[in-house]
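> any chance you can model this:
(one chain, ligands or ions: 1)
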Amino acid sequence: MDWLKDFAGRIEADAPLSRLTWFRLGGPARCLFHPHDADALAGALRRGREESVPVNVLGCGANILVRDDGFDGVVVRLDEPAFREVSVEGESVRAGGGVDMMPLSRGLSAKGLSGLEPMAGIPSSIGGAVRMNAGGRYGEIADVVEKVAVMNRDGSVEEWSREQAGFGYRRSAVGDRVVLWARFKLKEDDPRQVSQTYDEIFDQKMETQPLGDASAGCIFKNPPDASAGALIDKAGLKGATCGGASVSHRHANFIVTRQGATASDVLRLIDLIRETVRERWGTELETEIEIW
Ligand SMILES: Cc1cc2nc3c(=O)[nH]c(=O)nc-3n(C[C@H](O)[C@H](O)[C@H](O)COP(=O)(O)OP(=O)(O)OC[C@H]3O[C@@H](n4cnc5c(N)ncnc54)[C@H](O)[C@@H]3O)c2cc1C
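I've put the predicted structure just below:
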């Protein structure tokens, strides 16, 4: 993939992805590319398409399972300063696609800017959060998005309103585009109050989810009118294990892994859960995580 050298940015060959994902397992990427700026990103996306090489974007790796034989293509990380800018103007905040969501939402809460508290305890980049419409019972990112800039695979850039971003339950219209930045409309409030709300949501997450373990958050989407975790729990699957991967005792929709676990262990456990839930409840579970 010598053609990547035509574009400004760092290139790592055969780069282990296990260190960049929350599951901490899986094989390497043929190339890991850190574009210097939007022009370099546009060039790599265009060229990848011409060369028929898959190009995937990796955020914080909190919703991804990389297979053991790795990813035979280019993985792009938006970790250069051009993608990590944050600007605050009154109640309007613009953040680059590569910005880490948790410190941002904590910092804004401490300043008394309210709206991103529901992101407490959700490991994510801005790009990943927008693409997945990250959130939960306290709200989702779509609630405060005002504008999103996305780059198409031909390198062209579009600015979308919230409506154009097509948000739904854990989904958006982003598809294979790259989120360059998002602008949020927040509300000024009492900093102590907003921080307290942030902390309460974070504490609640710590109590109910295994945030200290290697996982990728919820494995399955909730089916209509049901909780995937409750279906898995009531099927008696808490603690079920394949190799180094187990269904969490704390939250049945989380698979946690111990050192030495492989992606195949996780995939076998996903199949086991699906089959058991299908047989027991007649419900087909759809994965929320992405498998590379
Ligand atoms: C402990 C734990 C708890 C979690 N709790 C929650 C929760 O409560 N609610 C929730 O919704 N999720 C939760 N998750 C899942 C995860 O945090 C979210 O899905 C998060 O938004 C993923 O963001 P990311 O940057 O890690 O994306 P990644 O996992 O790196 O990627 C996910 C998808 O987004 C794409 N992507 C990443 N960056 C960009 C970009 N700039 N432009 C376009 N596409 C991009 C990737 O290509 C991929 O398709 C949890 C995960 C963990 C590990």
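> from here on, just use CA atoms for contacts and neighbour counts.
Fine.
> what does this structure have sitting close to the ligand?
Residues of the chain lying close to the ligand by C-alpha under 6 Å from any ligand atom are 22, 56-64, 97, 122-125, 127-129, 131-132, 134-136, 177-179, 211, 215-217.
> again, only using 5 Å
57-64, 97, 122-125, 127-129, 134-135, 178-179, 211, 216-217 (C-alpha under 5 Å from any ligand atom).
> if we look at stretch 73-88, which residues are touching it?
29-38, 53-59, 93-99, 180-181 (C-alpha atoms under 8 Å, 6 or more residues apart in numbering).
> how about stretch 7-18?
Here stretch 7-18 makes contact (C-alpha under 8 Å, 6+ apart) with 4-5, 24-37, 40-41, 43-44, 66, 70.
> at 7 Å what do you get?
24-36, 40, 43-44 (C-alpha atoms under 7 Å, 6 or more residues apart in numbering).
> on that earlier part again, from the contacts of stretch 73-88, which would you call buried?
Listed as buried from the contacts of stretch 73-88 are 29-38, 55-59, 93-99, 180-181; burial here means 16 or more other C-alpha atoms under 10 Å.
> helices - which of those land there?
residue 38 (DSSP state H).
> all helices for the chain, in order.
Taking DSSP H, the helices of the chain run over residues 38-50, 101-110, 126-132, 191-208, 228-234, 263-281.
> put the alpha carbons of the longest one into PDB.
The C-alpha trace of helix 263-281 is given here as PDB (Å, rounded to 0.1, in the frame of the first residue of the first chain):
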ATOM      1  CA  ALA A 263     -12.100 -12.900  19.000                       C
ATOM      2  CA  SER A 264     -13.200 -16.400  18.100                       C
ATOM      3  CA  ASP A 265     -14.100 -17.000  21.700                       C
ATOM      4  CA  VAL A 266     -16.300 -13.900  21.600                       C
ATOM      5  CA  LEU A 267     -17.900 -14.900  18.300                       C
ATOM      6  CA  ARG A 268     -18.700 -18.400  19.600                       C
ATOM      7  CA  LEU A 269     -20.300 -16.900  22.700                       C
ATOM      8  CA  ILE A 270     -22.300 -14.400  20.500                       C
ATOM      9  CA  ASP A 271     -23.600 -17.400  18.500                       C
ATOM     10  CA  LEU A 272     -24.500 -19.300  21.700                       C
ATOM     11  CA  ILE A 273     -26.400 -16.400  23.100                       C
ATOM     12  CA  ARG A 274     -28.300 -15.800  19.800                       C
ATOM     13  CA  GLU A 275     -29.300 -19.500  19.500                       C
ATOM     14  CA  THR A 276     -30.300 -19.800  23.200                       C
ATOM     15  CA  VAL A 277     -32.400 -16.600  23.100                       C
ATOM     16  CA  ARG A 278     -34.000 -17.600  19.700                       C
ATOM     17  CA  GLU A 279     -34.900 -21.100  21.100                       C
ATOM     18  CA  ARG A 280     -36.100 -19.800  24.500                       C
ATOM     19  CA  TRP A 281     -37.900 -16.600  23.500                       C
END
